[in-house]
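# predicted model, plus sequence, below.
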Amino acid sequence: MLYSPSAKYPRSVGTAQLEQLASEGYVTVAIDHTHEPAAVEFPGGRVERQVLPSGPDAGRQLIATRVADTRFVLDALETLARGGNPDAERRALPAGLAPDVSRAGMFGHSAGGFTTGETMVSDARLDAGADLDGSMAYSRSNREYGRVADEGLDQPFLLLSAGDHSAVSDPSWQEFLARRRGPVRTQHLPDGEHFSYTDYQVLLPQLGLDPAALAPFIGTVEAGRSLATQKAALSAFFCRYLAQG
């Protein structure tokens, strides 16, 4: 199970969701997209700082790089499954943790959800995917959509939205739904917000800040209920389309 975070955010923001799926037997792999978070450390101590693309094609460049990252990770997982070891420090996997890449899924938040869909268009190794409140457009105002919206998917796909964002308000989602060929499920968290689908939903209320100041980020939904709802949705979806084939 692969996870891609929102643009400029580290892989750690999806920890609660990944822990849930790991507890159900999935091998989970979170991706740090180099040059997006403040820093990404590589084996040997090399640290790459944030360097974001700019210009009119910045969005396309960002997503294209993310798709390449994801396909690189899938290649590495296939190498592991064949008994190889792509680890830079030649560390072996813990016993019994060899990945089964014959059934692979992916999900992501915001740009990570867009990345999931774009990867699935070009790489058949992903059997099911989920988009957590991410648009499928490079530019909403100019209606510049990604391939996943323009072409649809054969694979099962889950759309989770929150607040004012949904298939009703997002033309790129409408485009995708009109062209999808595989099964699609949708679920909406009306009293949540965009970052409800990250660990912020649970962490921010613990800072003791004014709830009104947090509402634009995580809404007014009770944190435990929000987390339980999204965990249940992801678990049910991937169980249906991955665990049961």
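Nice, thanks for sending it over.
# the least confident helix or strand in the chain by mean pLDDT packs against which elements?
Lowest by mean pLDDT, DSSP states H and E among the helices and strands of the chain is strand 137-139, with a mean of 90. Other helices and strands packing on strand 137-139, by 3 or more C-beta pairs under 8 Å, 6 or more residues apart in numbering; DSSP states H and E, are helix 58-81, strand 144-145. For the C-beta atoms, the positions are set from N, CA and C on the backbone; glycine is no exception.
# columns mean neighbour count on top of those, output as JSON lines?
Converted to JSON lines, the helices and strands packed on strand 137-139 look like this (neighbours: other C-beta atoms under 10 Å):
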{"stretch": "helix 58-81", "mean neighbour count": "17"}
{"stretch": "strand 144-145", "mean neighbour count": "18"}
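# can you name the farthest residue from the center of this protein?
D210 (28.9 Å; C-alpha atoms, centre = their mean).
# before we move on, the earlier item: the helices and strands packed on strand 137-139: which one's closest to A137?
strand 144-145 (5.0 Å; C-beta to C-beta).
# now S110: how far from A58?
15 Å (C-beta to C-beta, to the nearest Å).
# let me redo that: D127
31 Å.
# cool, and R82?
37 Å.
# got the helices and strands packed on strand 137-139 as TSV, with distance to G105 columns?
TSV is the format used below for the helices and strands packed on strand 137-139 (distance: least, C-beta to C-beta, whole Å):
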stretch	distance to G105
helix 58-81	12
strand 144-145	23
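# could you dump the ones you listed to a markdown table with distance to T229 and mean pLDDT?
Formatted as a markdown table, the helices and strands packed on strand 137-139 follow (distance: least, C-beta to C-beta, whole Å; pLDDT from 0 to 100):
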| stretch | distance to T229 | mean pLDDT |
| --- | --- | --- |
| helix 58-81 | 26 | 95 |
| strand 144-145 | 28 | 94 |
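# so which of these is nearest V202?
Among the helices and strands packed on strand 137-139, if distance is taken as C-beta to C-beta, the winner is helix 58-81, at 25.5 Å.
# which other helices and strands contact the very next helix or strand once past the closest one?
The element immediately downstream of helix 58-81 (helix or strand, assigned by DSSP states H and E) is strand 105-109. Secondary-structure packing of strand 105-109 (3+ C-beta pairs under 8 Å, 6+ apart): strand 2-4, helix 111-122, strand 128-132.
# got a list of what V13 touches?
P5, S6, H109, T198, D199, Y200 (C-beta atoms under 8 Å, 6 or more residues apart in numbering).
# ok, how many other residues are close to the closest residue to A81 other than its chain neighbours?
Among residues not flanking A81 along the chain, V101 sits closest, at 5.0 Å (C-beta to C-beta, 6 or more residues apart in numbering). The number of residues packed near V101 is 18, by other C-beta atoms under 10 Å.
# could I get the contacting residues of V101?
Applying C-beta under 8 Å, 6+ apart, the residues near V101 are L74, L77, E78, A81, R125.
# and the pLDDT for it?
pLDDT recorded at V101 is 87.
# now Q244
Reported pLDDT for Q244: 62.
# wait, doesn't I63 sit right on A111?
Yes. If you go by C-beta atoms under 8 Å, I63 and A111 touch, sitting 7.0 Å apart.
# may I see the buried residues of stretch 180-192?
R180, V184, Q187, L189, G192 (16 or more other C-beta atoms under 10 Å).
# tell me which two in these are the farthest apart.
So, the buried residues of stretch 180-192 by C-beta to C-beta: farthest apart are R180 and G192, at 24.0 Å.
# now could you export just the CA positions of stretch 32-48 as CSV?
What follows is stretch 32-48, C-alpha atoms only, in CSV (Å, rounded to 0.1, in the frame of the first residue of the first chain):
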residue,chain,number,x,y,z
ASP,A,32,8.6,11.6,0.6
HIS,A,33,8.7,13.5,-2.7
THR,A,34,12.2,15.0,-2.8
HIS,A,35,12.4,18.8,-2.9
GLU,A,36,8.8,19.3,-1.7
PRO,A,37,9.1,19.0,2.1
ALA,A,38,11.4,21.3,4.0
ALA,A,39,14.0,18.5,4.0
VAL,A,40,14.4,14.9,2.9
GLU,A,41,17.4,12.9,4.3
PHE,A,42,19.0,10.2,2.2
PRO,A,43,21.2,7.3,3.3
GLY,A,44,24.6,8.5,4.2
GLY,A,45,23.3,11.7,5.6
ARG,A,46,22.7,13.7,2.4
VAL,A,47,19.8,16.2,2.9
GLU,A,48,17.9,17.7,0.1
